[in-house]
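>>> Sequence first, predicted coordinates after that:
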Number of protein chains: 2
Amino acid sequence: MGSSIIAWKQLLLNAMESNTHLKHSSYMQLATVGTNGKPSNRTVVFRGFQDNTDNILINTDTRTRKIEELKRCSFAEICWYFTDSWEQFRINGHVDIIDGTNPDPIKLQQREKSWFASSVRSRSQYLGPEPGLPRLNEQTQPEISLDPSIGPVDAFCLLILEPDQVDYLNLKSNQRLTFRSHLSAALTKSWIMERVNL
Amino acid sequence: MGSSIIAWKQLLLNAMESNTHLKHSSYMQLATVGTNGKPSNRTVVFRGFQDNTDNILINTDTRTRKIEELKRCSFAEICWYFTDSWEQFRINGHVDIIDGTNPDPIKLQQREKSWFASSVRSRSQYLGPEPGLPRLNEQTQPEISLDPSIGPVDAFCLLILEPDQVDYLNLKSNQRLTFRSHLSAALTKSWIMERVNL
């Protein structure tokens, strides 16, 4: 057992690096608790870390079910499996929902930054019809053209997951490590690492 | 909108077929609700369908946290992403836990069948130390040899997920379909399919 400065983040950066040739290496599964109390699980895209933190950025549509779910229970667990290096990260934490109505100007700035960091094609998806609702038009939807200089639209939402527990599994070396965060008396965050049985 | 005889199972069989060259194509993420009410998510291996049904078989260790979680909340959602065909299946349903203490002889038989269907190497993992507990011995664990004729050991547990809702997403054709099960007055199960917005 020992203390470590976000050693799991380094493991994650290494895993991303060694799987970077695979398009799907940035895809991870985000589990939430549904409004009916049942689990809910879907693939989302890793959009990087928030500056100088270990917080994970995810873009989503405010009209998806996960937003309603996260408003009721703000905890989530990411399961991220790297298919080439056989590594799994289970990242549990609290999710901050940042949509256009957020009162915090710094958070709104972060949302704008994430908006412009995504492709114009990705951005134009937020102008489409409401996700999950019955498809009314059987024909293919026309491509929506979006002015690249326009800021985030209403449906664009940034999620920031702040990890407080990480479970790392390596199926090549048969190693499993758990990392738990602790707040000191001075409210600084530190991590305790432990090697556990597979 | 229309009725269909487990059309999602055919889509899933097709996806498995077209991704069969990838070792990880049988890996899926299983979300449960943790005993603390927070979501829990991990990779598990698809072990086939229960005979003549659309129920999904998963092998696990009775000593893992998911068993405790499923005993409190027996619902789960599988998120299964196929990296080559860009298809996602979200399969929500109820999970039946079948360990060695199960009173139903038919279920015990199913558990035994799943035991012998897995490799001797897989089986021997159930003789290892308790998953998730601190690793006491820093040295590599010795390979445990298991008599291949021996039946399921105590730690071996079969999970059977009975789907009642499936969300299918195809990122190549940009199609999304939902399937919901219904019980008729005669208690026969049928599925309603609907095309929905991405």
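Done, it's in.
>>> where are the low-confidence patches of chain A?
A:1-6, A:138-142 (pLDDT under 70).
>>> Pick out the residue nearest the middle of it.
residue A:58 (4.0 Å; CA atoms, centre = their mean).
>>> What helix or strand is it located in?
strand A:56-61 (DSSP states H and E).
>>> ok, now residue A:9?
helix A:7-18.
>>> Which secondary structure elements does the strand holding residue A:58 sit against?
In this structure, strand A:56-61 packs against strand A:39-45, helix A:65-72, strand A:156-170, with contacts taken as 3 or more CB pairs under 8 Å, 6 or more residues apart in numbering or on different chains; DSSP states H and E. The C-beta positions use only the backbone N, C-alpha and C, and glycine is treated the same way.
>>> Dump the ones you listed into CSV; add distance to residue B:129 as well.
Below are those laid out as CSV (distance: least, CB to CB, whole Å):
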stretch, distance to residue B:129
strand A:39-45, 28
helix A:65-72, 36
strand A:156-170, 15
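>>> among those, which is nearest chain B?
strand A:39-45 (3.8 Å; CB to the nearest CB).
>>> outside of the closest one, which residues touch it?
Residues outside strand A:39-45 that contact it (CB atoms under 8 Å, 6 or more residues apart in numbering or on different chains): A:26-34, A:58-60, A:65-66, A:69, B:29-33, B:39-41, B:73, B:75-79, B:81, B:88, B:90, B:92.
>>> repeat that with 7 Å
The contact list for strand A:39-45, computed with CB atoms under 7 Å, 6 or more residues apart in numbering or on different chains, reads A:26-34, A:58, A:60, A:65-66, A:69, B:29, B:31-33, B:39, B:41, B:75-79, B:81, B:88, B:90.
>>> now swap in stretch A:145-165 and tell me
Outside stretch A:145-165, the residues that reach it (CB under 7 Å, 6+ apart) are A:50, A:54-63, A:67, A:76, A:78, A:91-100, A:110-112, A:114-115, A:120, A:123-124, A:126-127, A:179-181.
>>> That one: end-to-end distance?
41 Å (CA to CA, to the nearest Å).
>>> From the chain's centroid, how far away is it?
12 Å (CA atoms, centre = their mean, to the nearest Å).
>>> Tell me what angle the helix holding residue A:9 forms with strand A:156-170.
Angle between the axes of helix A:7-18 and strand A:156-170 is 100 degrees (criterion: axes from the mean of the first three to the mean of the last three CA atoms, to 10 degrees).
>>> what helices or strands is helix A:7-18 leaning on?
strand A:156-170 (3 or more CB pairs under 7 Å, 6 or more residues apart in numbering or on different chains; DSSP states H and E).
>>> quick one on the thing from earlier: return a ChimeraX selection command for the buried portion of the contacts of stretch A:145-165.
Buried members of those, defined by 16 or more other CB atoms under 10 Å in any protein chain shown, are picked up in ChimeraX with:
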select /A:50,54,55,56,57,58,59,60,61,62,63,67,76,78,91,92,93,95,96,97,98,99,110,111,114,115,123,126,179,181
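>>> Now intersect the contacts of stretch A:145-165 with the helices, please.
Counting by DSSP state H, those place A:67, A:110-112, A:114-115, A:120, A:123-124 in helices.
>>> of all these, which two lie farthest apart?
The span of those, defined through CB to CB, is set by A:67 and A:120 at 23.2 Å.
>>> what residues does chain A put near chain B?
By CB under 7 Å from any CB of the partner chain, the residues of chain A that approach chain B are A:24, A:27, A:29, A:31-33, A:37-43, A:73, A:75-79, A:81, A:83, A:88, A:90, A:92, A:128-135, A:194-198.
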